[in-house]
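In: Sharing a model prediction with you, sequence too.
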Amino acid sequence: MAEKTKRNRLTPRLPRGFVDREAGDIRASEEMLAAIRRVYERYGFEPVETPFFEYTEALGKFLPDQDRPNEGVFSLQDDDEAWLSLRYDLTAPLARYVAENYERLPKPYRSYRAGWVFRNEKPGPGRFRQFMQFDADTVGTPPGPAGVAADAEICMMAADVMEALGIARGDYVIKVNNRKVLDGIMEAIGLGGEENAGRRLTVLRAIDKLDRLGIEGVRELLGEGRKDESGDFTKGAGLGTDQVATLMEFLERAFKAAADVNATVASGVAFNNEIDQAYFLQPGTGSFYDSDLCVEGHNELEGIRGLVRAAGYGMDRIQIDPSVVRGLEYYTGPVFEAQLTFEVPNEKGEPVVFGSVGGGGRYDGLVGRFRGEDTPATGFSLGVSRLASALKNLGKLGAGEETGPVVVTVMDKSRLADYQKITADLRAGLNAEGGPVVPVEMYLGGSGMKAQLKYADRRNAPCAVIAGSDEFDAGKVQVKDLLEGKRRAAAFDSHEDYKDERPGQFEVARGDLVEEVRALLARQRGAS
RNA sequence: GCGAACGUAGCUCAGUUGGUUAGAGCGUCGGAUUGUGGAUCCGAAGGUCGGUGGUUCGAGCCCACCCGUUCGUACCA
């Protein structure tokens, strides 16, 4: 019978790619969210919240086909047969919200929101099917100088967020690029037009891999393709020699400029116009750089550069970097990426750069899908979980163990009312209005004294309150300082002595209990 | 998605060429201590050996498929 029950018992199983979050994680991420929120608020952004589900077409995904309705996203069919999907980012839902409420909203509309997003894809270490993003976007700034200013503001705000989270200047960098530059070059080498969209995508993907594969790897991917060490072959863009040469010329030049910037920053110089501008090309040289798109892209980048430098943000915080590709589909202009530059040991102990924790850019077409005309928009999205693990690595998060509750032990079960009164007095007396929370609880389990103290210990309680008939008769209470007791425990090797001495424990009058515990907690805070 | 490796107690792992009842350390719980968290000693619980099917007199070990984890690669709004 018992065996049978056991056999049929369900195994508790967390679905793959999802995580349970425990007290420490939740407190840490709430702290982070509050810090990020303060920065966004300072820039005049206001919160908005949209639901987890959207109509699938609103997310910009093709309608799921019957065979694989959940490719990439989690989708289900409503009872009116319409397809719904869990949102996979916060940008597409924002575009829907803005388009739907366009007439009511002040333009430009600045908003921020934090929320869970879902992706139905292969999970891995640090990669989940549900994770949190924290976005800020400006919608409706007209093109031209105002639009460039909106982009610059997003970059500066991203930098401010990093520092608000305690990430030191130099440990992060906000990188900026412009899709128009690469698009212009690709156009110039004959990759323009609808029929080349696929190849353009392949080229962008190849460039995106530069940090991992190096310049030669990218060259292979632009041409025939590349075979990796596992023998797997990745098909390349199939470009001709001249086309590859042109792209590589641009890349090498751009990376030389980026390397110079890094070297300058490393030497402690954050402002140097000449080095800062080396990436920018002089028009009229007769090269592919004269493509209209390219020039436009460069002008926008130069505009952003000028604004952030004028505002005091140097190359150590915001950099132009031609390898930032990002968002292969909907970005239409400037793109941003927040990178952490410090190294952390991986599981093999090798140092690796932490890398990207967020990104964004200009997406002028996204709101327009609902409105029939382009609506300029620019924004930024932070990966909260990745940032959290980065901060943990820096020791900026979850450093101190949370102090547990004051535990009122129960020795005599016939006097529960008395223990409850003690608990209530402590709870009321230790928790001033608007002050920090001091948790107080009465032990609610069924075990004896020994187990109750073990429980208090495991809860990381600062102290326990003990009272039996002796104490009640005398109008006294025992207060046990668990931290002090723990510290002194090592000095005992006989349990008898340990028990007789009761290190950290003292007796107080019932009427003084709240005051005594308050003083004890203050002493502990002072000592730590 | 493709390729590879791995999967034994809550955790870290041992388990011989296929051979009887699958072990250890740590952790958990109980006792020594009916009113006191540590240390020490004693004891106990805890396993569908990832799952299903097969080969065999006999499978933790061999084979097939599935699930899961990890690594590489692709994708990443």
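Out: Sure, I can see it. A quick note: this is a predicted structure, and the numbers were derived from the prediction, not measured.

In: C-alpha only now, for contacts and for neighbours.
Out: Fine.

In: Nearest to the middle of chain A, which residue? Look it up for me.
Out: Nearest residue to the geometric centre of chain A (C-alpha atoms, centre = their mean): residue A:384, 1.6 Å.

In: for that one, phi and psi?
Out: According to degrees, to the nearest 10, the main-chain angles of residue A:384 amount to phi -70, psi -40.

In: residues touching it, list them.
Out: Applying C-alpha atoms under 8 Å, 6 or more residues apart in numbering, one finds that residue A:384 lies in contact with A:29, A:131, A:132, A:133, A:134, A:357.

In: Give me the pLDDT for it.
Out: Residue A:384 carries a pLDDT value of 92.

In: Check residue A:407 too.
Out: Reported pLDDT for residue A:407: 96.

In: And what about the closest residue in space to it that isn't next to it in sequence, helix, strand or coil?
Out: Distances taken as C-alpha to C-alpha, 6 or more residues apart in numbering place residue A:464 nearest to residue A:407, at 4.7 Å, with adjacent residues excluded. On the three-state scheme (DSSP: H, G, I helix; E, B strand; the rest coil), residue A:464 is labelled strand.

In: pretty sure residue A:464 is touching residue A:482, no?
Out: Yes - using C-alpha atoms under 8 Å, residue A:464 makes contact with residue A:482 at a distance of 7.0 Å.

In: Which of those two has more residues huddled nearby?
Out: A count of neighbours by other C-alpha atoms under 10 Å puts residue A:464 above the other of residue A:464 and residue A:482, at 25 against 21.

In: List the contacts of the more buried one.
Out: Residue A:464 neighbours (C-alpha under 8 Å, 6+ apart): A:406, A:407, A:408, A:409, A:453, A:456, A:479, A:480, A:481, A:482.

In: Give me the contacts around stretch A:387-403.
Out: Contacts for stretch A:387-403 (C-alpha under 8 Å, 6+ apart): A:24-25, A:28-29, A:32, A:165-167, A:344, A:354, A:357, A:460-462.

In: Just the residues you listed: which are in helices?
Out: A:24, A:25, A:28, A:29, A:32 (DSSP state H).

In: What separation do you get for the residue lying closest to residue A:46 once chain neighbours are set aside and residue A:358?
Out: Spatially, and ignoring its direct neighbours in sequence, residue A:46 is nearest to residue A:111 (4.7 Å; C-alpha to C-alpha, 6+ apart). Plainly put, residue A:111 is 17 Å away from residue A:358 if you go by C-alpha to C-alpha, to the nearest Å.

In: ok, now residue A:436?
Out: Residue A:436 is 33 Å from residue A:358, by C-alpha to C-alpha.

In: Which of the two has more residues huddled nearby?
Out: Neighbour count, other C-alpha under 10 Å: between residue A:436 and residue A:358, residue A:358 has more, with 22 against 9.

In: what's the nearest residue to that one once chain neighbours are set aside in contact with, if anything?
Out: Spatial nearest neighbour of residue A:358, excluding adjacent residues (C-alpha to C-alpha, 6+ apart): residue A:382 at 4.2 Å. Neighbouring residues of residue A:382 by C-alpha under 8 Å, 6+ apart: A:133, A:134, A:135, A:357, A:358, A:359.

In: Go again with 10 Å.
Out: Residue A:382 is in contact with A:36, A:114, A:132-136, A:158, A:161, A:337-338, A:356-360, counting by C-alpha atoms under 10 Å, 6 or more residues apart in numbering.

In: Bridging across strands, which residues link to the residue nearest to residue A:407?
Out: Beta bridges link residue A:464 to residue A:407, residue A:480 when assigned by DSSP bridges.

In: What of residue A:378?
Out: Bridge pairing for residue A:378 - DSSP bridges - gives residue A:138, residue A:362.

In: cool, and the one 5 residues further on?
Out: With beta bridges defined as DSSP bridges, residue A:383 has these partners: residue A:133.

In: For it, give its distance to RNA strand B.
Out: Separation of residue A:383 from RNA strand B (C-alpha to the nearest atom of the strand, to the nearest Å) stands at 11 Å.

In: Mind checking which of the ones in helices among the contacts of stretch A:387-403 are buried?
Out: Neighbour-count burial (16 or more other C-alpha atoms under 10 Å) is assigned, among the ones in helices among the contacts of stretch A:387-403, to A:25, A:28, A:29, A:32.

In: Could you report the distance from the closest residue to residue A:32 other than its chain neighbours to RNA strand B?
Out: Using C-alpha to C-alpha, 6+ apart and skipping residues adjacent in sequence, the residue nearest residue A:32 is residue A:165, 6.8 Å away. Taking C-alpha to the nearest atom of the strand as the measure, residue A:165 falls 23 Å from RNA strand B.

In: Residue A:481 is in contact with residue A:516, correct?
Out: No - in this structure residue A:516 lies outside contact range of residue A:481 using C-alpha atoms under 10 Å: 11.0 Å.

In: What residues does residue A:192 make contact with?
Out: Residue A:192 makes contacts with A:183, A:184, A:185, A:186, A:199, A:200, as judged by C-alpha under 10 Å, 6+ apart.

In: okay but residue A:183 is in contact with residue A:177, surely?
Out: No - shown here, residue A:183 and residue A:177 do not form a contact pair, counting by C-alpha under 10 Å, at 11.8 Å.

In: give the contact list for the spatially closest residue to residue A:406 that is not a sequence neighbour.
Out: Counting by C-alpha to C-alpha, 6+ apart, residue A:406 lies nearest to residue A:440, which is 4.6 Å off, once chain neighbours are set aside. By C-alpha under 10 Å, 6+ apart, the contact set of residue A:440 is A:404-408, A:422-428, A:430-431, A:461, A:464.

In: and with 7 Å instead?
Out: The contact partners of residue A:440, by C-alpha atoms under 7 Å, 6 or more residues apart in numbering, come to A:405, A:406, A:407, A:423, A:426, A:427.

In: that older thread, make a markdown table from the contacts of residue A:384 and add pLDDT and distance to residue A:152 to it.
Out: Formatted as a markdown table, the contacts of residue A:384 follow (pLDDT from 0 to 100; distance: C-alpha to C-alpha, whole Å):
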| residue | pLDDT | distance to residue A:152 |
| --- | --- | --- |
| A:29 | 89 | 27 |
| A:131 | 93 | 27 |
| A:132 | 94 | 25 |
| A:133 | 95 | 21 |
| A:134 | 96 | 19 |
| A:357 | 92 | 19 |
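
In: helix, strand or coil for the residue lying closest to residue A:128 once chain neighbours are set aside?
Out: Nearest non-adjacent residue to residue A:128, counting by C-alpha to C-alpha, 6+ apart: residue A:17, 4.7 Å away. Here residue A:17 is recorded as coil under three-state DSSP.

In: pretty sure residue A:17 is touching residue A:125, no?
Out: No - using C-alpha atoms under 7 Å, residue A:17 is not in contact with residue A:125; the gap is 9.1 Å.

In: Mind checking which of those two has more residues around it?
Out: residue A:17 (18 against 6).
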